[in-house]
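Student: model the structure of this input:
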Amino acid sequence: MDHRHIRFSDRQEEVDLEQLQKLLRVGTFWATERTQAGLAIALANSKPVVTVWDGDRLIGHARATSDGIYRATIFDVVIHPDYRGSGLGRKLVQTVLAHPHICNVERVYLMTTNQQKFYEQIGFQQNSSTTLVLFNNALDNSIDIALDGDRPMVTELSQVKM
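Tutor: Modelled structure (predicted):
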C-alpha cells in the first residue's frame, strides 16, 4: 500500500470527535462505548494526541499523559482495520514516543490485552511489577458530562464523604 498521502498530526484541535468515536468503535473492543463528551475530556487532558489521516479520514489515533520527566502512559492506540499490517501502528507509537512531552521520560507505560508482541518489537518490555488497577465505578454516577461547544463541562459532582 502506498502511504505517501498519509499524514500524521499532533494538532489536538484537528481531532474530529465523531470520526474518533467511529474509529474506536470499528477498530477496538475496549473503547466501543465511549461518548464524544468523554473523548473530549480525555483529549483535553492528554498531551500528545497523535492522529493519522488519509486525506480527511481519521485512520489512526493515540494519546498519552505525562509528568514530563518520570512517568508517561500511552493510551488508545488504534489503526483502522483497513490500514493494519502496513507499519502505520509502529510509526504512530514511535511518533508519540518522540514527542517532546514523552521523549525524555524515565518510564513509559502502556496497557494492552492482546498486542504484547507488537509493542515488544517497538521496545516495550513485560512488567509484572505494575499490575494494580482501581475500577472506580463510583464515579460513573457522580459526574454528568456535557459539551459547551467543543469544550467539555462537568455539570454536577456529588459530595465525597471522608
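
Student: count of neighbours near the closest residue in space to Glu18 that isn't next to it in sequence?
Tutor: For Glu18, ignoring the flanking residues on the chain, the nearest one in space by CB to CB, 6 or more residues apart in numbering is Gln36 at 6.7 Å. Heads up, the C-betas are built off the backbone N, CA and C, glycines and all. Look at Gln36: counted by other CB atoms under 10 Å, it has 15 neighbours.

Student: so what does Gln36 have for phi and psi?
Tutor: Torsion angles at Gln36 (phi, psi; degrees, to the nearest 10) stand at phi -60, psi -40.

Student: buried ones in stretch 128-138?
Tutor: Buried residues in stretch 128-138, defined by neighbour count with 16 or more other CB atoms under 10 Å: none.

Student: worst-scoring helix or strand of the protein, pLDDT-wise?
Tutor: Using mean pLDDT, DSSP states H and E, the weakest-scoring helix or strand in the chain turns out to be strand 151-157, at a mean of 53.

Student: what's next to the host helix or strand of Val93, contact-wise?
Tutor: Secondary-structure assignment from DSSP states H and E places Val93 in helix 88-98. By CB atoms under 8 Å, 6 or more residues apart in numbering, the residues outside helix 88-98 that reach it are 3, 6, 8, 10, 48, 50, 52, 59-64, 74, 77, 79, 102-103, 108, 118-119, 121-122.

Student: among those residues, name the ones in helices.
Tutor: Secondary structure defined by DSSP state H assigns Phe118, Tyr119, Gln121, Ile122 of the contacts of helix 88-98 to helices.

Student: among those, name the buried ones.
Tutor: For the ones in helices among the contacts of helix 88-98, buried by 16+ other CB under 10 Å: Tyr119.

Student: wait, which of the ones in helices among the contacts of helix 88-98 is closest to Asn136?
Tutor: Ranked by distance to Asn136 (CB to CB), these are led by Tyr119 at 25.5 Å.

Student: correct me, but that closest one touches Leu110?
Tutor: Yes. Counting by CB atoms under 8 Å, Tyr119 touches Leu110, with 6.1 Å between them.
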